[in-house]
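**Q** Structure for the following, please:
(2 chains, ligands or ions: 1)
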Amino acid sequence: MLKKIDKNVYASKCPKCGHLHYPAPMRCHECKERRDPSKTVFADFEKVPLRGTCKLLTFTRVYALPDGYDLKYMNFGLVEFENGIRAAGQIMTDDLKLGMPLIAKTGVVKEVIGKDIYGLQFYPCE
Amino acid sequence: MRNVGIVGIGHIKFGKLEFELVDIMAWTALEAMKDAGIENGIDQVFVSNMGGGIINRQCGIASALVSNLNLEPAMAELVENGPASGSSAVKLGYMAIASGLANVVLVTGGETMRSLNGWQATDFVATLLHPEAEYNYGLTLPAFAGMFTRLYMEKYGLTEQHLAMISVKNHDNAALNPFAHVRLPVTLEAIYGNPDANVINPYMAEPLRIYDMCPVSDGAASLILCNMDIANRFRKKPIRIAGIGQATDTHCVHNRKDPLELTAVKGASEKAYKMAGIGPKEISFAELHDAFSILEVAESEEIGLFERGKAKNAIELGETRVTGRIPINSSGGLKAKGHPVGATGVSQIHELVKQLRREAEPGRQVKEPNYGLAINFGGHAEEN
Ligand SMILES: [Zn+2]
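**A** Model prediction:
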């Protein structure tokens, strides 16, 4: 059976208090409501796509890269989204400044044999 | 709770070792037993190691070590807690004796990482990151350390020169330590502030350079812990464990409220100070977890040796050198002594004991040490 690849990265929202988490824990860090993947006892946490504008908190350029990345270097950063969620990801520009606005999109962050792994990539605002 | 002392220490020279993991562990265990003056009578063995299953494809290392040393039927467990495995094993040894479950404990930490190439070693340690939210991006511990350093420099005015000075200090100390991996002193001029320095000391994870990072090492270290009530049975005078503390922080670095705060380091040190009934002012010297030079700076502030943002002044004044007011990493630290991950926490305590016994080599013996403190952590400051 073929399954469409979900390229999104999600924050997970507590159905009881609305607190957002990334990545998803098995209980709410705010009100301690439990997540239930089977949905038989509790409503599972709602998935909220992580995308749109964010602020660059810090960054680095790494020269010793993992096998499979055929590049001289890569830029990584920590960002904060407008909803307060923070995340790490790859930065797709060399022109970097602390606090600059970025746009979060999703793309292939890693290729393993037979599978593309999607994740957050941050681009400069147009 | 019973008091716990350390009566035996053993260490192998870190570097590239041509022996099996369990054999190098066993060698240091025998050194520690010899130091304590015992052949047998060990109730419990704690082994710290992170990569046996991944690197050596060997599990159940604790029982293997007991058997290698003919210590049966001693109780034995493996402790895996990332690069903090060593201090966790010491903590469990302390607990076993304090609780009355054991009188004599062997703690052995070891790791063989040199069979991996540089990237594989970085990748192995990166397996402790969050598998989806961090690891999948190609993020590594050096990347997180680089991001931390950039923020720290921005906020407190620390410079690459300060970091290079730490590296020079730790190389100087390691040059006098027979167990250190890298025993070549390095000058500030060679690694900082000239065009050649960019070649010798290139960026790895900006603003961190290669001399800001620990090497990949094989190594092992051992300790004999005992109930203080029976400490006079051993050859050496005991060094008492006055306080011990541990704490954790969020798995994902991005979920820390202030990315510059190492709250686990702070929490663990507060617990240890409280148990010992002392404060930072009583500390004579410290072994800090400088897998990256910036961590020596940040940890020294979190544990109260310096005010936040002020460690750089101490570096400028040479206060953290062996001859200074508060020597840090007299062993050479992870930076130059080496960082065989599972061995590191045990090796740090080995150094504290050696210094407190006044047994350190000439030139790196701390003056009149009274209390030594060690910080061993895993990941980007998750455990201590
Ligand atoms: Zn909730």
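**Q** what about residue 110, which SS state?
**A** No chain was given, so I picked chain A. Reduced to three states with DSSP: H, G, I helix; E, B strand; the rest coil, the structure at A:K110 is strand.
**Q** think we crossed wires, I meant chain B
**A** Per three-state DSSP, B:G110 ends up strand.
**Q** Check the spacing between it and B:T344 real quick.
**A** 10 Å (C-beta to C-beta, to the nearest Å). Any C-beta I mention is one placed from the backbone N, CA and C, and that applies to glycine too.
**Q** same thing with B:L129?
**A** 18 Å.
**Q** can you check B:K310 too?
**A** 26 Å.
**Q** neighbour-wise, which of the two wins?
**A** Neighbour totals were compared for B:K310 and B:T344, and B:T344 leads with 34 against 14 (other C-beta atoms under 10 Å in any protein chain shown).
**Q** contacting residues around the more buried one?
**A** B:P83, B:G86, B:G109, B:H289, B:L334, B:N376 (C-beta atoms under 8 Å, 6 or more residues apart in numbering or on different chains).
**Q** if we go to 10 Å?
**A** B:14, B:48, B:50, B:83-87, B:109, B:111, B:214, B:217, B:219, B:221, B:287, B:289, B:291, B:333-334, B:337-338, B:374, B:376-378 (C-beta atoms under 10 Å, 6 or more residues apart in numbering or on different chains).
**Q** now B:E72
**A** B:S63, B:V66.
**Q** go on, A:I85?
**A** A:A11, A:L20, A:H21, A:Y22, A:V48, A:L50, A:C54, A:V79, B:H254, B:N255.
**Q** which of the residues you listed are buried?
**A** For the contacts of A:I85, a burial check counting by 16 or more other C-beta atoms under 10 Å in any protein chain shown picks out A:A11, A:L20, A:H21, A:Y22, A:V48, A:L50, A:C54, A:V79, B:H254, B:N255.
**Q** gap between A:T60 and chain B?
**A** Per C-beta to the nearest C-beta, to the nearest Å, A:T60 is found 3 Å from chain B.
**Q** which SS class is that residue?
**A** With three-state DSSP as the criterion, A:T60 reads strand.
**Q** rewinding a little: tell me the one among the contacts of A:I85 nearest to B:S67.
**A** B:N255 (42.6 Å; C-beta to C-beta).
**Q** where do the strands sit along chain B?
**A** B:4-11, B:44-48, B:75-79, B:104-111, B:203-205, B:208-209, B:219-227, B:239-240, B:285-287, B:372-374 (DSSP state E).
**Q** Need these in a markdown table (columns: mean pLDDT).
**A** Below are the strands of chain B laid out as a markdown table (pLDDT from 0 to 100):
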| stretch | mean pLDDT |
| --- | --- |
| strand B:4-11 | 98 |
| strand B:44-48 | 98 |
| strand B:75-79 | 98 |
| strand B:104-111 | 98 |
| strand B:203-205 | 96 |
| strand B:208-209 | 98 |
| strand B:219-227 | 98 |
| strand B:239-240 | 96 |
| strand B:285-287 | 97 |
| strand B:372-374 | 96 |
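**Q** B:W119 is nearest to which of those?
**A** Between B:W119 and these, the tightest spacing by C-beta to C-beta is seen for strand B:203-205, at 11.7 Å.
**Q** The closest one vs chain A: in contact?
**A** Yes. Against chain A, strand B:203-205 shows contacts by C-beta under 10 Å from any C-beta of the partner chain at B:Y203, B:M204, B:A205.
**Q** Most neighbours among these, please name it.
**A** B:A205 (28 neighbours).
**Q** Let me see the domain layout of chain A.
**A** Structural domains assigned to chain A are A:8-49, A:50-124, following automatic domain parsing.
**Q** of all the ones you listed, which lies closest to the ion?
**A** domain A:8-49 (3.1 Å; C-beta to the ion).
**Q** And that closest one, how far out from the chain middle?
**A** Its chain's C-alpha centre and that of domain A:8-49 lie 16 Å apart, by C-alpha atoms, centre = their mean, to the nearest Å.
**Q** Do it and chain B come into contact?
**A** Yes. Domain A:8-49 reaches chain B (C-beta under 10 Å from any C-beta) through A:V9, A:H21, A:Y22, A:P23, A:A24, A:P25, A:H29.
**Q** Please pick the buried ones from those.
**A** Buried among the residues of domain A:8-49 next to chain B (16+ other C-beta under 10 Å): A:V9, A:H21, A:Y22, A:P23, A:A24.
**Q** Just the closest of those to B:L92, please.
**A** Using C-beta to C-beta, these come closest to B:L92 at A:P23, 29.7 Å.
**Q** Which residues are in contact with the residue nearest to the closest one when sequence neighbours are not counted?
**A** Distance criterion C-beta to C-beta, 6 or more residues apart in numbering or on different chains; nearest residue to A:P23, sequence neighbours excluded, is B:A133 at 4.4 Å. Counting by C-beta under 10 Å, 6+ apart, B:A133 touches A:9, A:22-24, A:87-89, A:119-120, B:139, B:251-255.
**Q** before we move on, what about B:F144?
**A** With C-beta under 10 Å, 6+ apart, B:F144 has these contacts: A:58, A:60, A:76, A:78, A:88, B:126, B:129, B:134, B:205, B:253-254, B:259, B:292, B:379-381.
**Q** now B:N40
**A** Contacts of B:N40 by C-beta under 10 Å, 6+ apart are B:M33, B:L69, B:N70, B:L71, B:A74, B:V104.
**Q** re the thing from before, what sits in contact with each of B:G110 and B:T344?
**A** B:S48, B:M50, B:S85, B:G86, B:G219, B:A221.
**Q** how long is stretch A:43-63 end to end?
**A** 44 Å (C-alpha to C-alpha, to the nearest Å).
**Q** can that stretch be found next to the ion?
**A** No. Stretch A:43-63 lies out of reach of the ion by C-beta under 5 Å from the ion, never closer than 8.8 Å.
**Q** Mind listing what's buried along that stretch?
**A** A:F45, A:V48, A:L50, A:C54, A:L56, A:L57, A:T58, A:F59, A:T60, A:R61, A:V62, A:Y63.
**Q** In a markdown table: the residues you listed, plus distance to B:P327 and pLDDT.
**A** Output for the buried residues of stretch A:43-63, formatted as a markdown table (distance: C-beta to C-beta, whole Å; pLDDT from 0 to 100):
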| residue | distance to B:P327 | pLDDT |
| --- | --- | --- |
| A:F45 | 50 | 91 |
| A:V48 | 51 | 95 |
| A:L50 | 46 | 96 |
| A:C54 | 43 | 98 |
| A:L56 | 38 | 98 |
| A:L57 | 34 | 98 |
| A:T58 | 31 | 98 |
| A:F59 | 34 | 98 |
| A:T60 | 30 | 98 |
| A:R61 | 34 | 98 |
| A:V62 | 32 | 97 |
| A:Y63 | 33 | 94 |
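**Q** Looking at those residues, which is nearest B:M165?
**A** Closest to B:M165, out of all of the buried residues of stretch A:43-63 and judged by C-beta to C-beta, is A:T60, at 21.3 Å.
**Q** Please tell me how far the closest one sits from B:V341.
**A** Taking C-beta to C-beta, one finds A:T60 at 22 Å from B:V341.
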